[in-house]
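Novice: Got a predicted structure plus its sequence, pasted below:
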Amino acid sequence: MSSEPRPRRPGPILAAPVPPPPEAPLPPVRTRERRPFLLDFFPLESSDQTRLSRFFDRLKEGRVSTTRCPKDGLLHWPPRTACPQCHSEELEWVDLPEVGHVYAFSAVLGGAPLGMEDEVPFAVGLVDLDGAPLRLFGRIEGRPWTELQIGSAVRLESFDIGDGRYFYRFRATDP
Amino acid sequence: MNVRDVALVGGTTTKFGVRPSTWAELAQEVGARLFREMPELRAEDVDSLFLGAAEPERFAFQSHVAPLAAEQMGLRPHRIIQRTELACASGQSAIRSAYAAIAAGLSDVAVAVGVEKMNLPSMAEANTSMACVMDRAWDGPHGATAPPFFAMVAQRHQLEYGTTEDQFAAVSEKNHRFANSNPEAQFHEKTFSREKLLRLPIVAPPLRLGDCSSMTDGAAAVVLVAADRAKKYTDTPAWIRGTGQYSDFHNLAHAGSLTEWTGLKHAAREAFGRAGVGPEAIDFAEVHDCFTVSEIIEYEMFGWCPPGQGGAFVADGQADIGGKVVVNPRGGLLGCGHPLGATGIAQAVEVYRQFARKAPPARTVPDPEWALVHNLSGSANVHSVMIYQGGSAA
């Protein structure tokens, strides 16, 4: 178990590739900030701030996606603008599997960063996605940490953080 | 070009803890102590300053910190002045940089100093700063900080090897006991039995408060010199014999196995190879016990015990005086506190003091010749290792 390979290589089963984005630049969007940027963990998501704004656009459609390199087949996480293996900048977007299982988890019972104090206690975990060679870290909602187990099934979902931006998290789905 | 031998010829630390002092005042304090304890050291002889500081921009709202530290310490470096930042390993990075500069002939007398001010009026603001060590954009919004990450490491170690909470507590009990004989330690006056540790509140399951190092203010400084100058400062230098470092990943998605730290193995192999010794030669080690489970995995990765046996190793006293290798006689990060940039320097100060027979009896390592210092940083994604040999000045 301790010598298992890192889950970085793409497997055969993924959702159908999303068509490449059109060449035309997206219209600039004004970013609305909840708190000063240096005290806010949620990224600046708009196309005037990041070349990965499509990731966040897709989150608004309920799709959690990432980039893949058509040249060497490497599936990335987090999504990238250049492949770390062949350094190609011609990447494609693919949707991630919606279901995964908990590899490890813990919970934050105190000492949370600014803006998260009211959410304590909350569970976090590393989740192996079904059918994709990725192990993602994220918040796990829907179940107190005391009822989670290694191997618990979770669903990957997007959510509105409340100020126009979207992010992703896991939701426990076991009965 | 010939590589020159480098000696660590002295050093000191401030009191670690929740200090009513600013960042700059901590730098002044460590400078004053250094010159008081090393009367042979003259400010004008110090040609270079390397400052380990992890997050002064966040904790002290201050950039351009190396010249600020130089001014606080009364130094005017005239060859190299720079800051090293590697989160929890920022201090060791400063020593490694000073070592490289002296070995290459670019410096003859260098000070490596580490300063960190972490306790702010708002703990949530301090916690926000600590969370920036992780991948801020992708792991940060989920609430990723060190405790939940190392808690997952502990959970996997328990699952894969049956490691117990009592074995975690054995690490904390040992390091706090050593800290009782270190007046500079944050928890110098507090005693922790295993029973008491197992009753402390859970911070991030399965880790309890006593399994976690704390937010600490403090500073530490060491003096490194070229071999031909060592005798001027001490008869008992610590010679740098090997060093290694490895950066494995950053985003938590790429952590792979949480219980096998391959980056540490790579860094250790490099350091041991340069020193020409193996793990069995090490008499004492200052390793990065940011959490109890970290020290347990470090026994395994350095090769002092087989994989999965770290819990039994410490519970059996093998990491204590009289055991296979004395681990963290200074009191560790658990007992001393963990001012990020100062920790790696303070560990090196302990190496010097042990070789110089200046440590109090309760934490004195018998007849040490070889010592190892290790820091991990972030989510154990980077490992830094240095190997020292005691001996007389050239």
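Specialist: Nice, thanks for sending it over.

Novice: Quick one: the helices in chain A, in order.
Specialist: In chain A, the segments counted as helices under DSSP state H are A:53-60.

Novice: which stretches of chain A aren't confidently modelled?
Specialist: In the prediction, chain A carries residues with pLDDT under 70 at positions A:1-34, A:175.

Novice: Can you tell me the SS state at B:Gly114?
Specialist: Following DSSP: H, G, I helix; E, B strand; the rest coil, B:Gly114 is assigned to strand.

Novice: thought it was touching B:Ala221?
Specialist: Yes - under the contact definition of CB atoms under 8 Å, B:Gly114 touches B:Ala221, with a separation of 7.5 Å. Using the backbone N, CA and C atoms, a C-beta is placed for each residue, glycine as well.

Novice: For the stretch 1-150 of chain B, which segments are assigned as helices?
Specialist: Listed from the start of the chain, the stretch 1-150 of chain B has helices (DSSP state H, counting those that start in this stretch) covering B:23-37, B:56-59, B:65-73, B:90-103, B:123-131, B:146-161.

Novice: hang on, the earlier thing: who touches both of B:Gly114 and B:Ala221?
Specialist: By CB atoms under 8 Å, 6 or more residues apart in numbering or on different chains, B:Gly114 and B:Ala221 have these common neighbours: B:Ile345.

Novice: contacting residues around B:Ala220?
Specialist: Contacts were defined as CB under 8 Å, 6+ apart; by that measure B:Ala220 touches B:11-14, B:30, B:91, B:113-114, B:342-343, B:345-346, B:348-349.

Novice: and which of those is nearest B:Lys231?
Specialist: Closest to B:Lys231 out of those is B:Gly11 (17.2 Å), distances taken as CB to CB.

Novice: now the closest one, nearest residue through space, not along the chain?
Specialist: B:Val222 (3.4 Å; CB to CB, 6 or more residues apart in numbering or on different chains).

Novice: what distance separates the longest strand seen in chain A from the middle of the whole chain?
Specialist: As assigned by DSSP state E, the longest strand anywhere in chain A is strand A:99-108. With CA atoms, centre = their mean, to the nearest Å as the basis, the distance from the averaged C-alpha position of strand A:99-108 to the chain average is 14 Å.

Novice: buried stuff in it?
Specialist: Going by neighbour count (16 or more other CB atoms under 10 Å in any protein chain shown), the buried part of strand A:99-108 is A:Gly100, A:His101, A:Val102, A:Tyr103, A:Ala104, A:Phe105, A:Ser106, A:Ala107, A:Val108.

Novice: Around residue 58, how many other residues sit close by?
Specialist: Unless you meant another one, I'm taking chain A. Around A:Arg58 sit 20 other residues, with neighbours defined as other CB atoms under 10 Å in any protein chain shown.

Novice: Chain B was what I was after
Specialist: The burial count assigned to B:Arg58 is 18, neighbours taken as other CB under 10 Å.

Novice: do you know how far the spatially closest residue to it that is not a sequence neighbour is from B:Pro205?
Specialist: Once its chain neighbours are removed from consideration, B:Arg58 has its nearest residue in B:Ser129; the separation is 3.6 Å (CB to CB, 6+ apart). According to CB to CB, to the nearest Å, B:Ser129 stands 24 Å off from B:Pro205.

Novice: ok, now A:Pro79?
Specialist: The gap separating A:Pro79 from B:Pro205 is 31 Å, by CB to CB.

Novice: So the two - more neighbours on which side?
Specialist: Relative neighbour count places B:Pro205 above the other of A:Pro79 and B:Pro205, with 22 against 19, counting by other CB under 10 Å.

Novice: Go ahead and name everything in contact with stretch A:81-90.
Specialist: In this structure, residues lying in contact with stretch A:81-90 by CB under 8 Å, 6+ apart are A:Arg51, A:Leu52, A:Thr67, A:Cys69, A:Pro70, A:Lys71, A:Asp72, A:Leu74, A:His76, A:Leu91.

Novice: Quick one: list the elements packing against the host helix or strand of B:Ala230.
Specialist: Here B:Ala230 sits within helix B:230-233, counting by DSSP states H and E. In terms of contacts (3 or more CB pairs under 8 Å, 6 or more residues apart in numbering or on different chains; DSSP states H and E), helix B:230-233 is packed against strand B:6-13, strand B:218-226.

Novice: What count of nearby residues applies to the closest residue to B:Gly344 other than its chain neighbours?
Specialist: Counting by CB to CB, 6+ apart, B:Gly344 lies nearest to B:Gly91, which is 2.9 Å off, once chain neighbours are set aside. Residues contacting B:Gly91 under the criterion other CB under 10 Å number 37.

Novice: repeat for the one 5 residues further on
Specialist: Using other CB under 10 Å, the number of residues around B:Arg96 comes to 24.

Novice: ok, it touching B:Thr243?
Specialist: Yes - judged on CB under 8 Å, B:Arg96 makes contact with B:Thr243 at a distance of 5.7 Å.

Novice: and for the two, which residues touch both?
Specialist: By CB under 8 Å, 6+ apart, B:Arg96 and B:Thr243 have these common neighbours: B:Ser384, B:Met386.

Novice: got the CA positions of the helix or strand of chain B with the lowest mean pLDDT in CSV?
Specialist: Within chain B, no helix or strand scores below helix B:123-131, which has a mean of 90 by mean pLDDT, DSSP states H and E. Extracted as CSV, the C-alpha positions of helix B:123-131 are listed here (Å, rounded to 0.1, in the frame of the first residue of the first chain):
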residue,chain,number,x,y,z
MET,B,123,-5.7,34.1,15.7
ALA,B,124,-8.0,33.7,12.6
GLU,B,125,-5.7,36.1,10.7
ALA,B,126,-2.6,34.1,11.8
ASN,B,127,-4.3,30.9,10.7
THR,B,128,-5.0,32.5,7.3
SER,B,129,-1.3,33.2,7.0
MET,B,130,-0.5,29.6,7.8
ALA,B,131,-2.9,28.3,5.3
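
Novice: Now tell me what touches that helix from outside.
Specialist: Contacts with helix B:123-131, where a contact means CB under 8 Å, 6+ apart, come from A:39, A:41, A:111-114, A:117, B:55, B:58-59, B:118-120, B:140, B:143-146, B:215.

Novice: Kindly report the same for stretch B:27-35.
Specialist: Counting by CB under 8 Å, 6+ apart, B:10-14, B:21, B:41, B:43, B:68-69, B:72-75, B:111, B:113, B:115, B:219-221, B:223 sit against stretch B:27-35.

Novice: Could you do stretch B:77-87 as well?
Specialist: Stretch B:77-87 is contacted by residues B:46-54, B:65-67, B:70, B:90, B:92-94, B:96-97, B:101, B:106-107, B:110, B:133, B:340, B:377-378, B:382, B:384 when judged by CB under 8 Å, 6+ apart.
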